[in-house]
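Engineer: Sharing a model that was predicted from the sequence below.
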Amino acid sequence: MPARSSADPAATVAAVTAVASWLRDESAAAPDRTAIAVAVRLTARTLAALAPGASVEVRIPPFVAVQCISGPRHTRGTPPNVVETDPRTWLLVVTGLLEMDDAAGRGILRLSGSRAGEISAWLPLVTIAE
């Protein structure tokens, strides 16, 4: 696995491709936990690399939390701008299979703070072939 602070684009695409059938079909067998974790971590780190900063915290429990988007840095307590969702929803959003606004509207992706929605400018991060 790449260093914690980096996300190799080829490794990211490979990790997402490994879970693609599960993303396209919720009734398909879920990939093993490790495959999901790698895809989630690499896509989150890709977002952090593309949108460096510390104004928005993106949380995908239990696998990763990253800070991104330039602007005022948060250092203590609960950050004012947070995006939080489950691993499958995160992967659906970062692949463009689910729009961020749709996920937020359905309550499966939570946006708090005035800047949380800014991550949509970098989405989708990875597209998967049909």
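Structural biologist: Noted; the coordinates are in hand.
Engineer: Can you name the residues that contact Val93?
Structural biologist: 85, 99-100, 103, 109, 123-124 (CB atoms under 8 Å, 6 or more residues apart in numbering). C-beta here means a position set from N, CA and C on the backbone, and glycine is covered the same way.
Engineer: Tell me how far Ser70 lies from Ala35.
Structural biologist: Using CB to CB, to the nearest Å, Ser70 is found at 32 Å from Ala35.
Engineer: Neighbour count for those two, which is higher?
Structural biologist: Neighbours around Ser70 and Ala35, counted as other CB atoms under 10 Å, are more numerous at Ala35. The numbers are 15 against 12.
Engineer: centre of the chain versus the helix or strand where the more buried one lies, how much separation?
Structural biologist: Per DSSP states H and E, Ala35 falls inside helix 33-50. Centre-to-centre, helix 33-50 and its host chain are 7 Å apart (CA atoms, centre = their mean, to the nearest Å).
Engineer: Enumerate residues external to that helix that contact any of its residues.
Structural biologist: Residues outside helix 33-50 that contact it (CB under 8 Å, 6+ apart): 1-2, 4-9, 11-12, 15-16, 18-19, 30, 58, 60, 63-68, 87-88, 90-91, 94, 119, 122, 125-126.
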